[in-house]
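A.B. asks: Need a 3D model of the following:
(one chain, ligands or ions: 1)
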Amino acid sequence: MTEREYSPGLEGIVAGETAISTLAGGLSYRGYSIEDLAHHATFEEVAHILLHGDLPTADELAKFRKRLGTQEVIPPPVLETLRRIPVKVPMMDVMRTGASLLAHWENEVADNSHDANVRKAERLLVQLPILMAARHRLLQGKEPVAADPRRSFAENVLWMLLRTQPTPAMTRAMDVSLILYAEHEFNASTFTARVIASTLSDLHSSICGAIGALKGPLHGGANERVLAILQTVGSADKAEAWVMDALAKKQRIMGFGHRVYKDGDPRAAYVKTMCREIAAETGHTPMEDLADKIEEVVWREKKLPPNVDWPTARLYHYFGLAVELYTPLFVVARTAGWCAHVIEQLDENRLIRPAANYTGPGRREWKDISQRAD
Ligand code: ACO
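C.D. replies: Modelled structure (predicted):
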């Protein structure tokens, strides 16, 4: 076989077609710009766009909300297992296990029809935040807080985690962060989900794989490391020295850079405006000043812009959320996008099986064990 063209990390390679989102001309979900969605939509409307193809009418939205509301429970044996998983297990591992456990009580788990997958996607969408919040509260020695069907998706997430009434600004900021995390074309975790679906596996297996891919610090796991940076540096006057030292040591600064966005991640700019507002409301303005200074030095030295994880980590910190929840919250939002991609993949499936250029030794003769050198 002749050598074929190869792009490390599949950079710039078109690996499939999708009608779900595009980065061309600015990020949009099924044609709706993220600016419009972040200004006007709720996460439920965005989930409807992703899973059902379009904005819901008032009647469709009411029915969608009702379906989500009536499924806001996790099976008792899943909750029981959450109590038994060792305390030291990271939240993202629990999310991955949780998605797998939920499959065992999912009656339609093996039905790969379009309609069954949409129904399963809707169930997972409400079950994963319940699972995340339940585990978090159990770790704090508290009992889980039930979802309240009268609350919006975003408000429920905050309610189940904090059990305090969030302010309208907090609820809206959470809603927007979930909207902006919900979908992003062929990123690593979505592509993982599509590869798994392409073997005609099932939706839950695809989501388990996607959670595993999102966990890595080069992808969703970056948002948890962002907070560690901000806490380590401490104040804006130490930012310059810290960045220069990190770059001199060739460290990757989490929350900066992106495979596709080289001039700036539009999601980051949007979340940043909310960060200032919530920081002022919650007394965290010094952390915003610190973040701005780090941004300024990283841009000056490396021309690297912040990605969506840079401001979102701060936003979640200002809400009073524990750092180990940041990547799980990304899971909660991205489940809508992952499921839409699994469904789209299965609607026009072709097994995803790329090729590799071989770099190992040429053909060699078999040696009996007595003839092998020590
Ligand atoms: N900090 C320091 N240097 C960086 C960073 C960073 N965050 N990102 C890229 N660079 C440098 C690289 O070291 C390289 O420098 P060099 O040319 O001097 O060797 C140059 O920029 C190009 O880097 P690549 O690795 O080729 O860029 P790539 O497109 O593969 O990287 C990635 C994208 C993985 C996201 C990278 O920017 C990174 O590691 N960022 C930190 C992790 C992060 O924030 N991930 C979240 C991504 S967004 C999301 O998943 C929602």
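A.B. asks: need the contact list for the residue in the chain positioned nearest to the ligand.
C.D. replies: Across the chain, no residue is closer to the ligand than G257, which sits at 2.2 Å (CB to the nearest ligand atom). Where you see a C-beta, it was placed from the backbone N, CA and C, and this is true even at glycine. Contacts for G257 (CB atoms under 8 Å, 6 or more residues apart in numbering) come out as L304, P305, N307.
A.B. asks: Could I get the contacting residues of the last one?
C.D. replies: For N307, the set of contacting residues under the criterion of CB under 8 Å, 6+ apart consists of A222, G255, F256, G257, H258, Y261, D265, R267, A268.
A.B. asks: give me that answer again for 6 Å
C.D. replies: The contact partners of N307, by CB atoms under 6 Å, 6 or more residues apart in numbering, come to H258, D265, A268.
A.B. asks: same thing with the first one?
C.D. replies: Contacts were defined as CB under 6 Å, 6+ apart; by that measure L304 touches F256, G257, V298.
A.B. asks: if we can go back for a sec, ok, which of the contacts of G257 also contact the ligand?
C.D. replies: Among the contacts of G257, the ones lying near the ligand by CB under 6 Å from any ligand atom are L304, N307.
A.B. asks: Name the nearest of the contacts of G257 relative to I130.
C.D. replies: Within those, the smallest distance to I130 is 28.4 Å, found for N307 (CB to CB).
A.B. asks: low-confidence ranges in the protein?
C.D. replies: Along the chain, segments meeting pLDDT under 70 span 1-2.
A.B. asks: I figured A182 hits A333, correct?
C.D. replies: Yes: the pair A182 and A333 qualifies as a contact (CB atoms under 6 Å) at a distance of 4.8 Å.
A.B. asks: ok, those two, which is more surrounded?
C.D. replies: The residue with more neighbours, out of A182 and A333, is A333; 28 against 25, by other CB atoms under 10 Å.
A.B. asks: Now the helix or strand encompassing that one: buried residues?
C.D. replies: Using DSSP states H and E, A333 sits in helix 326-347. Going by neighbour count (16 or more other CB atoms under 10 Å), the buried part of helix 326-347 is 326-346.
A.B. asks: Just put the contacts of G257 in a markdown table and tack on distance to M244 and secondary structure.
C.D. replies: As requested, the contacts of G257 are exported to a markdown table (distance: CB to CB, whole Å; DSSP: H, G, I helix; E, B strand; the rest coil):
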| residue | distance to M244 | secondary structure |
| --- | --- | --- |
| L304 | 14 | coil |
| P305 | 18 | coil |
| N307 | 21 | coil |
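A.B. asks: Among the contacts of G257, which one sits closest to H39?
C.D. replies: Closest to H39, out of all of the contacts of G257 and judged by CB to CB, is N307, at 21.0 Å.
A.B. asks: any idea how far that closest one is from I179?
C.D. replies: 16 Å (CB to CB, to the nearest Å).
A.B. asks: same question, L23
C.D. replies: Distance from L23 to I179, counting by CB to CB: 16 Å.
A.B. asks: Tell me the residues of the stretch 201-350 of the chain that contact the ligand?
C.D. replies: So far as CB under 6 Å from any ligand atom goes, the stretch 201-350 of the chain lies against the ligand at 218-220, 222, 252-259, 302, 304, 307-309.
A.B. asks: from those, which ones fall inside helices?
C.D. replies: Under the assignment DSSP state H, those contribute A222, K302, D309 to helices.
A.B. asks: Any quick ChimeraX command for the buried ones out of those residues?
C.D. replies: One line in ChimeraX is enough to select the buried members of those, burial here meaning 16+ other CB under 10 Å:
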select :222,309
